[in-house]
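Novice: Structure for the following, please:
(one chain, ligands or ions: 2)
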Amino acid sequence: MAAPTSISSASLTTSFPPHSHNKLSNPSSSSLRLSFSYSSLSLQTLSLSSNFNIPNPRSSTILNVLKTLHDSQLLSQSRDPDPLLQSQKPTILVSEKLGEAGLHLLRGFGNVECLYNLSQEDLCSKIAECDALIVRSGTKVTRQVFEAAQGRLKVVGRAGVGIDNVDLQAATEFGCLVVNAPTANTIAAAEHGIALLAAMARNVAQADASMKAGKWQRNKYVGVSLVGKTLAVMGFGKVGSEVARRAKGLGMHVIAHDPYAPADRARALGVELVSFDQAIATADFVSLHMPLTPTTNKIFNDATFAKMKKGVRMINVARGGVIDEDALVRALDNGTVAQAALDVFTEEPPSKDSKLVQHENVTVTPHLGASTKEAQEGVAVEIAEAVVGALRGELSATAVNAPMVPPEVLSELAPYVALAEKLGRLAVQLVAGGSGIQSVKVVYRSSRDPDNLDTRLLRAMITKGIIEPISDAHINLVNADFTAKQKGLRISEERVVVDSSSENPIESIQVQISNVVSKFESALLDNGNISIEGKVKYGTPHLTCVGSFSVDVSLEGNLILCRQVDQPGMIGRVGNILGESNVNVSFMSVGRTVRRTKAIMAIGVDEEPDKDTLKKIGEVPAVEEFVFLDL
Ligand SMILES: NC(=O)c1ccc[n+]([C@@H]2O[C@H](COP(=O)([O-])OP(=O)(O)OC[C@H]3O[C@@H](n4cnc5c(N)ncnc54)[C@H](O)[C@@H]3O)[C@@H](O)[C@H]2O)c1
Ligand SMILES: O=C(O)[C@H](O)COP(=O)(O)O
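Specialist: Ligands and ions are numbered 1, 2, ... in the order given. All right, here's what the predicted structure looks like:
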């Protein structure tokens, strides 16, 4: 065994990175376009989209990846899928208007039902028949919706950016993937922000209404100029940056506040990143472009307005909830805020007698930021591709509640995904009933630098292997960490860097369970932990170590582990007992620590031996302990 040269560890207490970090800046290069037939769930085709140029020599690897992902049900929820369901096309419910190009794409894959303006009650009663749900900002996808889905709903697609109308925590708990379409409406939203900015500054809406009422009020509607004024962009993400770029073109001085934006991106656009207070204290115009989160909820309130420059003008094309609307009415009434232009509201639609909407210094539009023909077609295609991909079992580049695993990592780790799950399943079966599992350590031996080995996928599969045999939970990549945490299971990871010229990403994976009693004493290490170790050999998972005993058996079918006195004839005796019961032995391996003392026999069997057969094995005089394991 090579000495460890470096060790790092991660524990389950670290949650998935924030979704903004999961996304690649160029989504078109980040999703693996792989397909297998939904109807039979059997591997059928490898479709390469023009955007995703995967070279042919990798095809067989990719097919293996797919098969592994499919076998492992990495993103599906059912452990034992109903064959009847499988023979049907997936049902995709579209609950708000979606561009025709997206609908066309969806219809080519599943049964698409467009049911608009459903009440919560109607949505809840429909959802159990659906595999996917596509929404815009008008549908509230609450915990009740996930509960009502009874495990069938696999993916929620948000045809747009903001996911504040989807209960992400509930989605994750129910193992439902949430994907969004983060890029296709950016320009539309930025253009609408600029349109509102200019319209507000020149009283376009008010003057239009006045003329239509038969008036000609040139003095009343004198506006303010934009050139030379300071615009504070609050939230310097996709939309915010595009608004900044356009405002620069109008001759404005642009500053921005965003706690997570890199300064060099701002510098490249000639924008200075400043603190929240600095931004609001110096700006003539404040444009909001941050998401609605618990932190940004009503971030613009009485206290904030009090810090603003008197006569400031505000634009909101982000989310209504970031403004305390009553406070804004007060600020408009007392002149702190001279004007506001709003596309979004806390409640949509707002009440007809809303003081804010009716205020003469307020310009409003009914959440039109993303509503251009171009953006709607783009969003529809973006979300349809993401949803179809998710239903096919692909890992999406726009997943909001699951780790994004780049295709090359996925392809490389595919054989280890199967190994990881099997090791988890084996390890948990070695625990004596009644001993609660709380602490699992996974040791990856690899020649890779620890920073160059993404193990999230493997950890999820080990978690699946450990939890599923002892509970009714269905684990997938989305809910693995959550479910483990909920069950009080702490999984720590250790990476041991070994010297090796091998190109394999991982030499071996060891799973240790501590503070439990083992059904099979020989699986214990000196430190008292149950330990099993495996490797990928010739593309298939192998068990290579049980406790301190080396073995080498392919992990397929079922397994009998048997410790006996190391003496001649043992293989024959146990083999005979199995043969007499018509149980076929697929492979066998013997490992021992010291010659002629104790040995471990690992026997792969195609059929599960009945109780009598197992009893007979236990009665062989030299057999000291044995266990049957279901892989
Ligand atoms: N009106 C519309 O139709 C419309 C259309 C598109 C987007 N939107 C909304 O616009 C907003 C921005 O969309 P995007 O695509 O640019 O998203 P984005 O994720 O690219 O950008 C959001 C930015 O806000 C920043 N942020 C987070 N918390 C912040 C805080 N407390 N203070 C300042 N900045 C903060 C993030 O770091 C990020 O850079 C979202 O709320 C989205 O829902 C509305
Ligand atoms: O977050 C978004 O993408 C926008 O608010 C657009 O919402 P919509 O899809 O309801 O127009």
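Novice: Spell out which residues of the protein are next to ligand 1.
Specialist: Contact residues of the chain with respect to ligand 1, defined by Cβ under 6 Å from any ligand atom, are listed as 20, 161-162, 182, 185-186, 189, 234-240, 257-261, 289-292, 295-296, 317-319, 343-344, 367, 369-370. C-beta coordinates here come from the backbone N, C-alpha and C atoms, glycine included.
Novice: From the residues you listed, keep the buried residues only.
Specialist: When the residues of the chain next to ligand 1 are checked for burial by 16 or more other Cβ atoms under 10 Å, the buried set is 161-162, 182, 185-186, 189, 234-240, 257-258, 261, 289-292, 296, 317-319, 343-344, 367, 369-370.
Novice: Tell me which of those residues fall in strands.
Specialist: Taking DSSP state E as the definition of strands, these contribute M234, H257.
Novice: those helices in the stretch 251-400 of the chain, which residues are they?
Specialist: Remark: helices of the stretch 251-400 of the chain, listed N- to C-terminal, are 263-268, 276-282, 302-306, 325-333, 355-358, 373-391; assignment by DSSP state H, counting those that start in this stretch.
Novice: can you list these in a markdown table and add mean pLDDT and mean neighbour count?
Specialist: As requested, these are exported to a markdown table (pLDDT from 0 to 100; neighbours: other Cβ atoms under 10 Å):
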| stretch | mean pLDDT | mean neighbour count |
| --- | --- | --- |
| helix 263-268 | 92 | 13 |
| helix 276-282 | 97 | 16 |
| helix 302-306 | 98 | 15 |
| helix 325-333 | 98 | 19 |
| helix 355-358 | 98 | 16 |
| helix 373-391 | 96 | 23 |
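Novice: and whichever residue of the stretch 451-600 of the chain sits closest to ligand 1, what does it touch?
Specialist: Nearest residue of the stretch 451-600 of the chain to ligand 1: V478, at 20.5 Å (Cβ to the nearest ligand atom). Shown in contact with V478 (Cβ atoms under 8 Å, 6 or more residues apart in numbering): L75, A171, T172, G175, C176, L177, N401, A402.
Novice: sec struct for the closest residue in space to N479 that isn't next to it in sequence, please.
Specialist: For N479, ignoring the flanking residues on the chain, the nearest one in space by Cβ to Cβ, 6 or more residues apart in numbering is G175 at 4.0 Å. Each residue gets one of three states, and G175 gets coil by DSSP: H, G, I helix; E, B strand; the rest coil.
Novice: tell me, which of the residues of the chain next to ligand 1 make contact with ligand 2?
Specialist: Of the entries in those, those that also sit close to ligand 2 under the rule Cβ under 6 Å from any ligand atom are V161, G162, N185, H367, G369, A370.
Novice: The fourth one and G160: what is the separation?
Specialist: Just to be clear, that refers to H367. The gap separating H367 from G160 is 10 Å, by Cβ to Cβ, to the nearest Å.
Novice: what's the overlap in contacts for those two?
Specialist: Both H367 and G160 are contacted by S137, under the criterion Cβ under 8 Å, 6+ apart.
Novice: Skip the chain neighbours and tell me the closest residue to the residue nearest the centre of the chain.
Specialist: The residue at the geometric middle of the chain, judged as the C-alpha nearest the mean C-alpha position with Cα atoms, centre = their mean, is A402 (1.2 Å). Once its chain neighbours are removed from consideration, A402 has its nearest residue in V478; the separation is 4.6 Å (Cβ to Cβ, 6+ apart).
Novice: any idea how this structure splits into domains?
Specialist: Residue ranges of the domains in the chain are recorded as 91-180+376-392, 186-364, 409-630, according to the TED database.
Novice: Could you say which of these is packed most deeply?
Specialist: The densest packing among these, expressed as mean neighbour count by mean count of other Cβ atoms under 10 Å, is seen in domain 91-180+376-392 with a mean of 21.
Novice: Now do the end-to-end distance for that domain.
Specialist: Using Cα to Cα, to the nearest Å, the end-to-end distance of domain 91-180+376-392 comes out at 13 Å.
Novice: For the stretch 151-300 of the chain, which residue gets nearest to ligand 1?
Specialist: Going by Cβ to the nearest ligand atom, ligand 1 is nearest to G237 of the stretch 151-300 of the chain, at 1.8 Å.
Novice: ok, that residue touching A266?
Specialist: No. Here G237 does not reach A266: they are 11.4 Å apart, not a contact under Cβ atoms under 8 Å.
Novice: hang on, the earlier thing: for ligand 2, see how far away the closest residue to the residue of the stretch 151-300 of the chain closest to ligand 1 other than its chain neighbours is.
Specialist: In space, G237 comes closest to H289 once its chain neighbours are excluded; the distance is 6.4 Å by Cβ to Cβ, 6+ apart. When Cβ to the nearest ligand atom, to the nearest Å is applied, the distance between H289 and ligand 2 equals 11 Å.
Novice: Quick check: S371 vs E96, distance?
Specialist: Separation of S371 from E96 (Cβ to Cβ): 12 Å.
Novice: typed the wrong thing, it's S522
Specialist: In this structure, S522 and E96 are separated by 60 Å, where distance is defined by Cβ to Cβ.
Novice: mind listing what T455 touches?
Specialist: Here T455 is in contact with A10, V442, Y444, E493, R495 (criterion: Cβ under 8 Å, 6+ apart).
Novice: need the contact list for the nearest residue to A281 once chain neighbours are set aside.
Specialist: Computed as Cβ to Cβ, 6+ apart, the closest residue to A281 that is not its neighbour in sequence is K307, at 5.7 Å. Contacts for K307 were tallied using Cβ under 8 Å, 6+ apart; they are D277, I280, A281.
Novice: A599 reaches V590, doesn't it?
Specialist: Yes. Taking contact to mean Cβ under 8 Å, the distance of 5.4 Å between A599 and V590 places them in contact.
Novice: Work out the gap between stretch 564-582 and the centre of the chain.
Specialist: Distance of stretch 564-582 from the chain centroid (Cα atoms, centre = their mean, to the nearest Å) equals 48 Å.
Novice: actually stretch 444-461, sorry about that
Specialist: Taking mean C-alpha positions (Cα atoms, centre = their mean), stretch 444-461 and its chain are 18 Å apart.
Novice: distance between the ends of stretch 561-573?
Specialist: This stretch, stretch 561-573, spans 15 Å end to end (Cα to Cα).
Novice: CA atoms of the helix or strand where A207 lies as PDB?
Specialist: Taking DSSP states H and E as the criterion, A207 maps to helix 204-212. Output for helix 204-212, consisting of C-alpha atoms alone and laid out as PDB, is shown next (Å, rounded to 0.1, in the frame of the first residue of the first chain):
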ATOM      1  CA  VAL A 204     -43.900  59.100 -21.700                       C
ATOM      2  CA  ALA A 205     -46.700  57.100 -20.100                       C
ATOM      3  CA  GLN A 206     -48.300  60.000 -18.200                       C
ATOM      4  CA  ALA A 207     -48.100  62.300 -21.300                       C
ATOM      5  CA  ASP A 208     -49.700  59.600 -23.500                       C
ATOM      6  CA  ALA A 209     -52.600  59.100 -21.000                       C
ATOM      7  CA  SER A 210     -53.100  62.800 -20.800                       C
ATOM      8  CA  MET A 211     -53.200  63.300 -24.600                       C
ATOM      9  CA  LYS A 212     -55.600  60.400 -24.900                       C
END
